[in-house]
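Q: Take this sequence and fold it.
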Amino acid sequence: MYKVLIVDDERIIREGMKQTIPWTDLEIDRVFTAATGSEALSAIEQYMPEIMITDISMPKMSGLSLIERALELMPDMRILVLTGYDRFDYARDALRLRVHDFLLKPIDENILSASIRTQVNTLKEMEKERQIKNVQVRTAGLTAQIELEKILNNLIHGHDKQDAIRFLSENPHILPGSQYAVVILVQGTDFNTDHQDAEIQFRQIESLCMELFDSKNRGVTVRDSDGERLFIVLSLENIDQEAETLVADFLDILKDEFGTAPKTAIGNEVAGIELIDTSYQDAMYLLRTEKKNVHSVLQPQNVIRRRHMFLEVFEEMKREMCANINDLSFVLRAFDSFCAAADSYSLSASSVRNYCFELLSSVTYTYRMNGSNGKTERLDNLIQALNGADPPTCIELGKQYLVKLLGGEENEIHEIVAKAKRYINSHLSEELSVGSIAEIFFVSPNYFSRLFKRTTGIGCNEYIVSKRIEKACMLLETTNLNTGKIAMLVGYNDTNYFSMTFKKHCGVSPTRYRSDKRQKEGEQET
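A: Numbers count the residues shown, from 1 in each chain. Reported below is the predicted structural model:
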């Protein structure tokens with residue numbers, strides 16, 4: 001069953017269609033209605049209807065503008081256009097936007113039903129094609145996996161090594177990045193005394209590996225040539241936490257599923273796919289020489305020592321920053337030292353985020369315990385901002401946070417408003433609102449609105465309109481673009497609304513403004 005959205009500014013028309021069309025017979029089980037383009041877009045985002053029936057002439061947002069926006073949200077949506085205007089230009093624009101039927105009002109119930117049935121049949125065919133394609137992709141994926149396993153086994157065991165390197169260098173999407181490490185999981189007798197059951201469980205582990213690593217582009221899982229081990233070639237630049245932590249989390253999943261987990265080791269990090277045999281041999285050495293599996297994940301001693309060294313440096317920097325909380329320049333210098341250390345010790349993006357947040361949380365706690373009135377939402381905003389951020393972004397966000405927290409409210413106000421102005425000026429052709437801009441800078445709309453008005457003397461919406469009109473004036477004076485094109489370039493989808501706004505601010509229509517300017521220029525030249 002499918003869903004339909006009816007869009008028309010006349011209530012009697014949209015309700016009439018909703019009540020009279022035999023929807024169930026047409027395999028439609030849910031029918032939604034909207035009176036405006038904005039309501040329609042909200043309904044599309046919430047309900048994701050497969051079919052939309054829309055009028056072409058509506059206030060504020062035309063049907064054509066709605067169609068264009070709707071197809072951005074749902075490219076496969078089937079669209080039927082209703083209009084009382086029998087004009088070629090409407091039909092032409094509708095066809096350009098890939099409208100699937102174009103019907104004149106008043107609509108005949110049988111004709112509309114037939115058109116809807118056609119769209120439903122088309123949707124069914126599209127679904128069949130997708131299913132066939134998915135089967136083909138899975139088959140091709142299995143073949144590719146077998147080939148990749150052969151290539152990687154050859155590489156780590158030194159067979160046809162040059163051919164393997166050439167294959168992987170020509171297919172960088174398989175193992176993106178330049179830093180790698182090999183993880184080895186050994187099939188042991190801990191799983192089950194029955195060999196057949198143990199093999200089944202090991203295949204399940206292989207499937208879980210592929211789900212956690214391969215499907216998320218973190219690496220490639222391969223069954224070793226002897227069948228007794230799995231190895232995972234990790235693409236370290238594509239994982240969002242320390243390799244040891246990621247693997248340990250995975251082993252915890254296995255323990256939950258099977259009650260135990262295979263013996264596991266991680267080889268040294270290597271720079272270049274041609275060196276993964278070195279990382280593999282490192283991991284194998286750890287497995288051969290470790291007498292007791294004390295740790296859930298075995299790692300080379302140099303990696304462990306490096307982590308301990310960083311933790312010592314980190315704790316020292318944290319103490320120094322908290323001890324000099326009233327000296328912003330000192331705190332920023334110490335934070336720069338943390339950033340340099342994170343880079344020097346090659347921390348993963350996840351570790352940089354975690355350590356950065358721990359550092360800034362400690363500074364915030366000390367700052368507040370000293371009697372300062374820091375805002376609670378600042379730390380909440382930082383959590384949202386750091387989520388998923390790469391190391392350079394974490395560093396920049398950390399510096400901004402320290403300046404806002406320790407440098408006083410005026411620094412924060414100036415920075416947010418200045419950035420908001422720059423954003424507005426460079427995105428005038430897009431949809432702008434107080435809410436959307438506030439979201440970008442991680443503040444509430446109410447706070448941002450008051451902040452902008454207090455700093456600039458005018459409201460944010462008023463500023464947006466003034467900048468749009470300012471840009472429109474420049475385009476009218478310096479180009480021959482028509483009014484409709486200029487309206488779109490300054491963020492107005494409705495040309496009439498643009499002309500009304502322009503006249504309100506400039507006293508004349510856009511066309512008159514251009515002719516007056518050119519007349520003055522002609523007089524000055526003579």
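Q: contacting residues for V182?
A: Taking CB atoms under 8 Å, 6 or more residues apart in numbering, we find V182 in contact with I156, F231, I232, V233, L234, I266, G267, I276, S279, Y280, D282, A283. In short, each C-beta sits where N, CA and C put it, glycine included.
Q: give me the number of residues near the nearest residue to the second one once chain neighbours are set aside?
A: Take F231 and drop its neighbours on the chain: the residue closest to it by CB to CB, 6 or more residues apart in numbering is I184, 4.9 Å away. Per other CB atoms under 10 Å, the neighbour tally for I184 reads 24.
Q: The contacts of V182 in helices, which ones?
A: Using DSSP state H, the subset of those located in helices is I156, I276, S279, Y280, D282, A283.
Q: which one of these is nearest I174?
A: The nearest member of the ones in helices among the contacts of V182 to I174, counting by CB to CB, is I276 at 12.6 Å.
Q: And that closest one, how far from E237?
A: When distance is defined by CB to CB, to the nearest Å, I276 is 14 Å away from E237.
Q: Comparing these two, which shows the higher neighbour count?
A: I276 (24 against 13).
Q: show me the contacts for that one.
A: Taking CB under 8 Å, 6+ apart, we find I276 in contact with L152, L155, I156, Y180, V182, V233, V270.
Q: Show me where the protein has its strands.
A: Along the chain, counting by DSSP state E, strands occupy 2-7, 28-34, 51-55, 78-83, 101-104, 179-186, 219-223, 229-235, 263-266, 270-271.
Q: Adding distance to E170 and mean pLDDT, write those out as a markdown table.
A: Shown next, in a markdown table, are these (distance: least, CB to CB, whole Å; pLDDT from 0 to 100):
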| stretch | distance to E170 | mean pLDDT |
| --- | --- | --- |
| strand 2-7 | 44 | 92 |
| strand 28-34 | 49 | 91 |
| strand 51-55 | 44 | 90 |
| strand 78-83 | 41 | 85 |
| strand 101-104 | 47 | 78 |
| strand 179-186 | 17 | 85 |
| strand 219-223 | 16 | 85 |
| strand 229-235 | 17 | 86 |
| strand 263-266 | 27 | 84 |
| strand 270-271 | 19 | 80 |
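Q: what would the ones in helices among the contacts of V182 look like in a markdown table with pLDDT and distance to M74?
A: Formatted as a markdown table, the ones in helices among the contacts of V182 follow (pLDDT from 0 to 100; distance: CB to CB, whole Å):
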| residue | pLDDT | distance to M74 |
| --- | --- | --- |
| I156 | 85 | 45 |
| I276 | 85 | 43 |
| S279 | 86 | 45 |
| Y280 | 88 | 46 |
| D282 | 83 | 50 |
| A283 | 84 | 47 |
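Q: who wins for neighbours among those?
A: Most neighbours among those, by other CB under 10 Å: A283, with 26 neighbours.
Q: Wait, it touches V183, no?
A: Yes. Using CB atoms under 8 Å, A283 is in contact with V183, at 6.9 Å.
Q: Residues in contact with both of these two, list them for me.
A: Here A283 and V183 share the contacting residues F231, A265, I266, G267, scored by CB under 8 Å, 6+ apart.
Q: Pick the one among the residues you listed closest to H427.
A: Within the shared contacts of A283 and V183, proximity to H427 (CB to CB) peaks at I266, which comes in at 45.0 Å.
Q: Helices along the stretch 301-450 of the chain, start to end?
A: Taking DSSP state H, counting those that start in this stretch to define them, one finds helices in the stretch 301-450 of the chain at 301-323, 328-344, 349-369, 376-386, 391-406, 409-426, 434-440, 445-456.
Q: Nearest to V247 among the shared contacts of A283 and V183?
A: Checking the shared contacts of A283 and V183 one by one against V247 (CB to CB), the nearest turns out to be I266, at 6.3 Å.
Q: what's the distance between the closest one and Q204?
A: From I266 to Q204 the distance is 22 Å (CB to CB).
Q: possible to save the helices of the stretch 301-450 of the chain as TSV with distance to E470 and mean neighbour count?
A: As requested, these are exported to TSV (distance: least, CB to CB, whole Å; neighbours: other CB atoms under 10 Å):
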stretch	distance to E470	mean neighbour count
helix 301-323	44	14
helix 328-344	37	16
helix 349-369	39	18
helix 376-386	31	15
helix 391-406	29	19
helix 409-426	10	15
helix 434-440	18	16
helix 445-456	15	16
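Q: Make a markdown table out of these and add mean pLDDT.
A: Putting those into a markdown table (pLDDT from 0 to 100) gives the following:
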| stretch | mean pLDDT |
| --- | --- |
| helix 301-323 | 74 |
| helix 328-344 | 81 |
| helix 349-369 | 81 |
| helix 376-386 | 66 |
| helix 391-406 | 80 |
| helix 409-426 | 72 |
| helix 434-440 | 83 |
| helix 445-456 | 78 |
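Q: Quick one: closest of these to A43.
A: Of all those, it is helix 434-440 that lies closest to A43, at 19.0 Å by CB to CB.
Q: Output the contacting helices and strands for that closest one.
A: For helix 434-440, the elements it packs on are helix 409-426, helix 445-456, helix 460-478, judged by 3 or more CB pairs under 8 Å, 6 or more residues apart in numbering; DSSP states H and E.
Q: Off-centre distance for it?
A: 17 Å (CA atoms, centre = their mean, to the nearest Å).
Q: Give me the residues contacting that helix.
A: By CB under 8 Å, 6+ apart, helix 434-440 touches A420, Y423, I424, S444, P445, Y447, F448, S449, F452, C460, N461.
Q: and if you look at stretch 111-124?
A: Applying CB under 8 Å, 6+ apart, the external contacts of stretch 111-124 come out as 2, 4, 17, 21-22, 26-28, 50-51, 53, 78, 80, 100-101, 103.
Q: Was I right to think V4 contacts M48?
A: No. Under the criterion of CB under 8 Å, V4 lies out of contact with M48, with a separation of 11.6 Å.
Q: Between those two, tell me which one has more neighbours.
A: Using other CB under 10 Å, the more surrounded residue of V4 and M48 is V4, with 26 against 12.
Q: Stretch 104-111: which residues count as buried?
A: Buried positions in stretch 104-111, judged by neighbour count with 16 or more other CB atoms under 10 Å: I107.
Q: CA atoms only: put that stretch into PDB for me.
A: Presented in PDB, the C-alpha positions along stretch 104-111 are these (Å, rounded to 0.1, in the frame of the first residue of the first chain):
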ATOM      1  CA  LEU A 104      -6.700  20.600 -16.100                       C
ATOM      2  CA  LYS A 105      -9.400  21.600 -13.600                       C
ATOM      3  CA  PRO A 106     -12.200  20.700 -13.100                       C
ATOM      4  CA  ILE A 107     -10.900  17.200 -12.600                       C
ATOM      5  CA  ASP A 108     -12.800  14.200 -13.800                       C
ATOM      6  CA  GLU A 109     -12.800  11.600 -11.000                       C
ATOM      7  CA  ASN A 110     -12.300   8.700 -13.400                       C
ATOM      8  CA  ILE A 111      -9.400  10.400 -15.200                       C
END
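Q: Would you pull up how far it lies from the middle of the chain?
A: 42 Å.
Q: picking that back up, surely the residue nearest to F231 and A265 touch.
A: Yes. With contacts counted by CB under 8 Å, I184 reaches A265, the gap being 5.3 Å.
Q: Leaving out sequence neighbours, find the closest residue to N493.
A: The shortest distance from N493 to any non-neighbouring residue, by CB to CB, 6+ apart, is to S65 (4.6 Å).
Q: And the one you found, how close does it get to K216?
A: Separation of S65 from K216 (CB to CB) stands at 38 Å.
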